[in-house]
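> coords below, sequence missing:
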């Protein structure tokens, strides 16, 4: 069950990265879109550590870390491409027991909003690191908790992008 979700996340993160699109907080993103912030002149490892710390400081546990850059490098020949997309790229998944419970008690179908996804990447020839998250869809029952999830994710991303 988690494999299709991971493939979906990888496609979404890859599409955002390939487009070169960077969304900023002042431009509201539609449900399910990526919101991203850029840090220039800092090492990827430093931004990664800041992102991990920001998640943990919210009392959350990272469930899974996916290495998108390694996957693309490993599978490039299989799909007929040797073009590097990222120097480094990862995503973290996690949930908040409190917010997830609230949104699922309001509507059990809100389970589709978990896990939450934070990502960071450095493009192949760039001196900047992008950190961001996939917004959860705010609609219907549980909208209050879903709004709080997006606020939490934005707080974490901004902390890592400071």
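All right, it came through fine. For clarity, every value in this text was computed on a predicted model and none was experimentally measured. Numbering: from 1, shown residues only.

> correct me, but residue 160 touches residue 50?
Yes. Here residue 160 lies in contact with residue 50, judged by Cβ atoms under 8 Å, at a distance of 4.3 Å. Just so you know, the C-beta spots here come from the backbone N, C-alpha and C atoms, and that holds for glycine as well.

> higher neighbour count, the two?
residue 160 (25 against 20; other Cβ atoms under 10 Å).

> Tell me the spacing between the more buried one and residue 129.
Between residue 160 and residue 129 the computed distance is 9 Å (Cβ to Cβ, to the nearest Å).

> next one: residue 42
Distance, residue 42 to residue 129, using Cβ to Cβ: 6 Å.

> Check residue 93 too.
Taking Cβ to Cβ, one finds residue 93 at 19 Å from residue 129.

> So which of those two has more stuff around it?
Set residue 93 next to residue 129 and count neighbours by other Cβ under 10 Å: residue 129 wins out with 28 against 20.

> Output the below-cut-off pLDDT ranges for this protein.
1-32 (pLDDT under 70).

> Tell me who's in contact with the most centrally placed residue in it.
By Cα atoms, centre = their mean, the chain has its centre lying nearest to residue 118, at 2.6 Å. Neighbour list for residue 118: 51, 55, 91, 92, 94, 131, 132, 133, 153, 156, 157, 160 [criterion: Cβ atoms under 8 Å, 6 or more residues apart in numbering].

> Give the helix, strand or coil label for residue 129.
strand (DSSP: H, G, I helix; E, B strand; the rest coil).

> For the nearest residue to it once chain neighbours are set aside, pull up the helix or strand it's in.
Sequence neighbours aside, residue 47 is the residue nearest to residue 129 in space, at 4.3 Å (criterion: Cβ to Cβ, 6 or more residues apart in numbering). Using DSSP states H and E, residue 47 falls within helix 44-57.

> Mind checking what helix or strand follows that helix in sequence?
strand 64-67.

> Parallel or antiparallel, list what pairs with that next one.
strand 86-94 (antiparallel) (DSSP bridges).

> Isn't the residue nearest to residue 129 up against residue 121?
No. Applying Cβ under 8 Å as the test, residue 47 and residue 121 come out as separate, 9.7 Å apart.

> which neighbours do these two share?
residue 129.

> Compare those two (neighbour count), which wins?
Neighbour count, other Cβ under 10 Å: between residue 47 and residue 121, residue 121 has more, with 27 against 24.
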